[in-house]
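predicted model follows, preceded by the sequence.
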Amino acid sequence: MLKLVEKYPLIVLFLVVIFMLLIHLNIPNVTIMEARNFITSREMINDGNWFLTTMNGEARYQKPPLPTWLTAFSGLIFGVNSLFALRLPAALMVLFLGVFAYFLSLKLTFSKKQSLQNSLILITSFYIFAIINEAPWDIFTHGFMLAGLYYLFCFFNEKTFFWKNALFSALFIGLSIMSKGPVSLYALFLPFIISYSFVYKYENFKRKLIPFLIHILLFIIIGGWWFIYVRIADANAFLEIASKETGNWSSYNVKPFYYYWSFFTQTGLWTIPAFISLIYPYLIKRVNHKKAYKFTFWWTISAVILLSIIPEKKPRYLVPVLIPLALNTGFYIQYLIDYFKNFNSKKERIPVYFNFSLISVIAISVPIILLLTLKENITNYLISFICLSCSSILLSFLILKNLFQKNIQKVFYTTVFFMVTLFLFGLPISKHFTKNQAYNSINKLHTIELKNDIKSYSIGELTPELLWDYNGKIKNIYKNDVLDMPAENNFGILLMNKDVEFIKLKLANKYTFKLLDTYNLNFGAKNKERLIRQFYLVSKK
């Protein structure tokens, strides 16, 4: 079985992504970042705003349009309201990322086996798959950048095909910029250049200077043309948005320099191996490809340091660090596969036993936790529960069995398989934890609008999730402390709970208010006020 897995590595990556991500793409609830992308995609299709992108009919130039274009194209093919269709491009970018991690690993003189292991570590790292729902743009920008860096590595390292590698690198780096601006240039490209300079140097670079300069010019053109176009076509809106976005770098979500230094925990199941792989004095003496290990180590560390310098910090900004970290972790995993049977030191054995025993305990605990949580509702998810419980118990046993037989290769693949089954059978059950008795879709508002022949407005901006669920545009009539009341005699207004009394008092002399419904998009036990709106029928006296 293992020989078959390692014989067809790209097929294995494809199957892992299918079973872990694609089958249940429609199940997770829409997040705020997803909603922004989906709304812009919908308005591209409905209104033709393919270049001057909009959200709720207003300019949205905070992010370049490539991921939104790909989302819109998928929507045109499979349905603009299909969550599967809209999430498909981002999920496929996880596969794209894994494939180029595999190719880059091969270029670093790794074997096919170790290259596959590196890719599996990467695509099963927590924030790599989580980011496709939390912030879809990130997986595009970093996925395209890794492809660009693969060809750049070939350009630097090989004595032939200069122009081919330079052109392909420029194309993918340009696509990365078209996905989220210069973010990945700073967080992935620059650390790559720093590490390559430190470890590999630039031998015989004079022959490559002209292709390299043209490569830089090309990726600037490919990645920058849209910014120039919007700057010319809608200068005022572009400059206002750009000023606000750059201001956020130093004033929004400001965290201390050391905020990111638990970055290895974002790998999820691979936290302990990832941490040990970063103990440079320990591992450098034990790896077979020392230069390649130095390269991935300094690439990881450089990325963390550069991200730490920026005042604005969020956990999801660590995604580019996880790419070289996965390759770095692969060195430790391969070392365990090759030599664990011969370990004599308790200091070396204990972390391995602890890590994989913990995963085994987690696996066997899954059915117990579900039984205690679901209780009488277990019948609603019986098939998924049985499949998840049986696979978790079996995989827990196999992890322990192979661990104590010191067969780390089988332990590794069994751990990956556990992650896959957790998603495959566990995601349907997750619906139980997102139920909310107060949930009320704002999409029902269209029925009220038709019945009363009215148009609806909002006091303050609607959150993207509400706007996406509404499936239309709702004008905000309260901007910069100025209330711009509609001319109609009868209309609808959406209000946050905290604004109801203020607005009623402000307009009591001219209008009557009648509460028709309350919309609540909160899931589970959450009760976020930003996802709740009261809807009033407002009439002139």
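Received it, and whenever you're ready, just let me know what you need. As the structure is a computational prediction, the values presented were derived from the model and not from experiment.

can you count the residues close to residue 20?
Residue 20 sits with 22 neighbouring residues when counted by other Cβ atoms under 10 Å. All C-beta spots, glycine's among them, are computed from the backbone N, C-alpha and C.

show me the strands in the stretch 51-200 of the chain, by range?
Along the stretch 51-200 of the chain, the segments classed as strands by DSSP state E, counting those that start in this stretch run 54-55, 58-59.

most tightly surrounded among those?
Of all those, strand 54-55 has the most neighbours on average by mean count of other Cβ atoms under 10 Å, namely a mean of 20.

what's it packed up against?
Strand 54-55 makes packing contacts with helix 32-47 when contacts are defined by 3 or more Cβ pairs under 8 Å, 6 or more residues apart in numbering; DSSP states H and E.

buried residues, the helix it packs on. List them.
In terms of neighbour count (16 or more other Cβ atoms under 10 Å), helix 32-47 has its buried residues at 33-44.

pull the distance from that helix to the chain's centre.
Offset of helix 32-47 from its chain centre (Cα atoms, centre = their mean, to the nearest Å): 17 Å.

okay, now the unreliable bits of the stretch 101-250 of the chain?
Judged against pLDDT under 70, the low-scoring parts of the stretch 101-250 of the chain cover residues 246-250.

ranges for the helices of it?
For the stretch 101-250 of the chain, the helices defined by DSSP state H, counting those that start in this stretch cover 112-123, 126-134, 136-157, 162-180, 183-184, 190-199, 209-233, 235-251.

give me the residues contacting the longest one.
Going back to what we said before, that points to helix 209-233. Applying Cβ atoms under 8 Å, 6 or more residues apart in numbering, the contact partners of helix 209-233 are 51-52, 61, 64-65, 148, 152, 155, 162-163, 166-167, 169-171, 173-178, 181, 205, 238-239.

could I have the buried ones of these as ChimeraX selection syntax?
To isolate the buried ones among those in ChimeraX, judged by 16+ other Cβ under 10 Å, type:
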select :52,61,64,65,148,152,155,162,166,167,169,170,171,173,174,175,176,177,178,181,238
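
just to revisit the earlier point, ok, which of the helices of the stretch 101-250 of the chain comes nearest residue 100?
Residue 100 lies closest, by Cβ to Cβ, to one member of the helices of the stretch 101-250 of the chain: helix 136-157, at 4.7 Å.

and that closest one with helix 162-180, angle?
Relative orientation of helix 136-157 versus helix 162-180 (axes from the mean of the first three to the mean of the last three Cα atoms, to 10 degrees): 160 degrees.

what's the domain layout of this structure?
Domain assignment of the chain by automatic domain parsing yields the ranges 100-341, 346-434, 442-540.

most tightly packed of these?
Each of these was scored by mean neighbour count; the highest is domain 100-341, a mean of 19, by mean count of other Cβ under 10 Å.

now that one: how far from the chain's centre is it?
Per Cα atoms, centre = their mean, the displacement of domain 100-341 from the mean C-alpha position of its chain is 14 Å.

what's the answer for stretch 513-532, then?
Relative to the centre of its chain, stretch 513-532 is centred 27 Å away, using Cα atoms, centre = their mean.

and if you look at stretch 503-516?
On Cα atoms, centre = their mean, the centre of stretch 503-516 falls 43 Å from that of its chain.

what about that stretch, how long is it end to end?
Length of stretch 503-516, first residue to last, Cα to Cα, to the nearest Å: 16 Å.

touching that stretch from outside, list them.
For stretch 503-516, the surrounding residues in contact (Cβ under 8 Å, 6+ apart) are 448, 459, 483, 485, 492-493, 495, 534-541.

same thing but at 10 Å, please
The contact list for stretch 503-516 (Cβ atoms under 10 Å, 6 or more residues apart in numbering) reads 445, 448, 451-452, 459, 478, 483, 485, 489-493, 495-496, 499-500, 534-541.

got it, and stretch 350-361?
Contacts with stretch 350-361, where a contact means Cβ under 10 Å, 6+ apart, come from 269-273, 275-276, 332, 336, 340, 343, 346, 392, 395-404, 406, 408, 411-412, 414-415, 418-419.

these in helices, which ones?
Among the contacts of stretch 350-361, the ones falling in helices (DSSP state H) are 271-273, 275-276, 332, 336, 346, 392, 395-404, 408, 411-412, 414-415, 418-419.

quick one, helices of the stretch 401-541 of the chain?
Secondary structure of the stretch 401-541 of the chain (DSSP H, counting those that start in this stretch): helices at 408-430, 445-452, 464-470, 500-507.

now those helices as a markdown table including distance to residue 320 and mean pLDDT?
Formatted as a markdown table, these follow (distance: least, Cβ to Cβ, whole Å; pLDDT from 0 to 100):
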| stretch | distance to residue 320 | mean pLDDT |
| --- | --- | --- |
| helix 408-430 | 21 | 94 |
| helix 445-452 | 40 | 93 |
| helix 464-470 | 24 | 95 |
| helix 500-507 | 44 | 85 |
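
can you lay out those as a markdown table showing distance to residue 220?
What follows is the helices of the stretch 401-541 of the chain, written out as a markdown table (distance: least, Cβ to Cβ, whole Å):
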| stretch | distance to residue 220 |
| --- | --- |
| helix 408-430 | 39 |
| helix 445-452 | 45 |
| helix 464-470 | 31 |
| helix 500-507 | 49 |
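
nearest to residue 76 among these would be which one?
Closest approach to residue 76 among these (Cβ to Cβ): helix 464-470, 17.4 Å.

run the chain-centre distance for the closest one.
Taking Cα atoms, centre = their mean, one finds the center of helix 464-470 at 20 Å from the center of the full chain.

thinking residue 108 is in contact with residue 292, fair?
Yes: using Cβ atoms under 10 Å, residue 108 makes contact with residue 292 at a distance of 4.1 Å.

who touches both of the two?
Counting by Cβ under 10 Å, 6+ apart, the residues touching both residue 108 and residue 292 are 114, 327, 330-331.

if we can go back for a sec, of the buried residues of helix 32-47, closest to residue 313?
Ranked by distance to residue 313 (Cβ to Cβ), the buried residues of helix 32-47 are led by residue 33 at 16.6 Å.

which ones are touching the closest one?
By Cβ under 10 Å, 6+ apart, the residues touching residue 33 are 63, 131, 133-138, 316, 464.

and with 8 Å instead?
Counting by Cβ under 8 Å, 6+ apart, residue 33 makes contact with 134-137, 464.

just put these in JSON lines and tack on distance to residue 216.
Shown next, in JSON lines, are those (distance: Cβ to Cβ, whole Å):
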{"residue": "134", "distance to residue 216": "32"}
{"residue": "135", "distance to residue 216": "27"}
{"residue": "136", "distance to residue 216": "28"}
{"residue": "137", "distance to residue 216": "23"}
{"residue": "464", "distance to residue 216": "36"}
